[in-house]
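Student: Okay, sequence plus prediction incoming.
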Amino acid sequence: MRWLLYLVFICLIAAILPALLVRGYEPAGRDQVQVRLFREDVSRLVELDLEEYVAGVVAAEMPAVFHLEALKAQAVAARTYALRAVRTQVSGVHLTSSFQRDQAWSSPEELREKWGAAAFQIYWSRIRMAVRSTRGEVLTYRGELIFPAYHSTSGGRTESSENYWSALHPYLRSTPSPYEEHSPHYRTEQDLPWEEIIRSLGLEAGTQTIQILQRYPSGRVQTVAVGGQVFTGREVREALGLRSNWFDASVMGSCIRFSIRGNGHGVGMSQYGADGMARQGYNYREILAHYYQGTRLIRTY
């Protein structure tokens, strides 16, 4: 008889566990902060609890296999970004699910399909744990929510904000980013034919010269001359689809070989750097303090 009761109990757990995992992060009731999110995948505006939104961002923006302390750091950055948007955009859409405009975001249904049912339960549980353990925590600088820029891989050193964007944020300073070597994007190469480069940069046919003119202290390209025209490193990166603007360029016959360090704009927290620091024993507070200098971690609710 006892074994039958055990069997019934196990069956009940198996039946309700997936629903509990999908349901959310808090007990019954609505969180006091609501996010109006335009879901690009279904072209529809939805309203989510902030913590529910944060979990979807962590799942979309950072590999779920990363160290738990790195996932926590990502949760704080995502929450800070979202709350900043909610407070500045008082009406209409707060955020979209597009990484090109805001932060990437995925629904539990999308993630289950992407990961598979078995892996979903494991990964989703880890993400929920990271979100719950940092609930309400955000980063501020001089009492204001920061712009918590982050990227995949810095290549060994992050960049100061004004060297990629026009805005100078005192907490987004170039800083060493150790322990990133496990990133598949730490050092990569990309060969592009001259025809594609000429077309992408709007140059005249016959151009076959490239010279890096200036670099920022971080090593990233500040200006580069291609066919006698001067571009910023960011302009070349975005026009040619390079992983970052930290590159060397070598003429290889009819192609240019770009030797690239890192992946992304390089400003703020390196996600692979955060994972590497966590695996070296740093906690999420220390990771955030390293990448967002001079900031304070506070709990808003």
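Tutor: Received it, and whenever you're ready, just let me know what you need. Numbers count the residues shown, from 1 in each chain.
Student: Tell me where the stretch 51-200 of the chain has helices.
Tutor: 68-88, 108-115, 117-133, 194-201 (DSSP state H, counting those that start in this stretch).
Student: List the buried residues in the first one.
Tutor: To tie it back to what came earlier, the one meant is helix 68-88. Within helix 68-88, the residues that qualify as buried are 69-86, counting by 16 or more other Cβ atoms under 10 Å. (Glycine included, C-beta is placed from N, CA and C.)
Student: Show me the one of the helices of the stretch 51-200 of the chain that comes nearest E51.
Tutor: Relative to E51, the nearest member of the helices of the stretch 51-200 of the chain by Cβ to Cβ is helix 117-133, separated by 5.8 Å.
Student: now for that closest one, which elements pack on it?
Tutor: Secondary-structure packing of helix 117-133 (3 or more Cβ pairs under 8 Å, 6 or more residues apart in numbering; DSSP states H and E): helix 2-23, helix 50-61, helix 68-88, helix 108-115.
Student: immediately after the first one, which helix or strand?
Tutor: What it means is helix 2-23. Downstream of helix 2-23, the first helix or strand assigned by DSSP states H and E is strand 34-39.
Student: Which elements pack onto that next one?
Tutor: Using 3+ Cβ pairs under 8 Å, 6+ apart, the elements in contact with strand 34-39 are strand 44-49, helix 50-61, helix 68-88, strand 95-96.
Student: The shortest one: how far from the chain's middle?
Tutor: Put simply, strand 95-96 sits 15 Å off its chain's centre (Cα atoms, centre = their mean, to the nearest Å).
Student: Now distance to S270 too, for the helices and strands packed on strand 34-39, in JSON lines please.
Tutor: Putting the helices and strands packed on strand 34-39 into JSON lines (distance: least, Cβ to Cβ, whole Å) gives the following:
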{"stretch": "strand 44-49", "distance to S270": "27"}
{"stretch": "helix 50-61", "distance to S270": "13"}
{"stretch": "helix 68-88", "distance to S270": "10"}
{"stretch": "strand 95-96", "distance to S270": "23"}
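Student: list the contacts for the residue lying closest to Q280 once chain neighbours are set aside?
Tutor: Counting by Cβ to Cβ, 6 or more residues apart in numbering, Q280 lies nearest to Y179, which is 5.7 Å off, once chain neighbours are set aside. Neighbouring residues of Y179 by Cβ atoms under 8 Å, 6 or more residues apart in numbering: 273, 275-277, 279-280.
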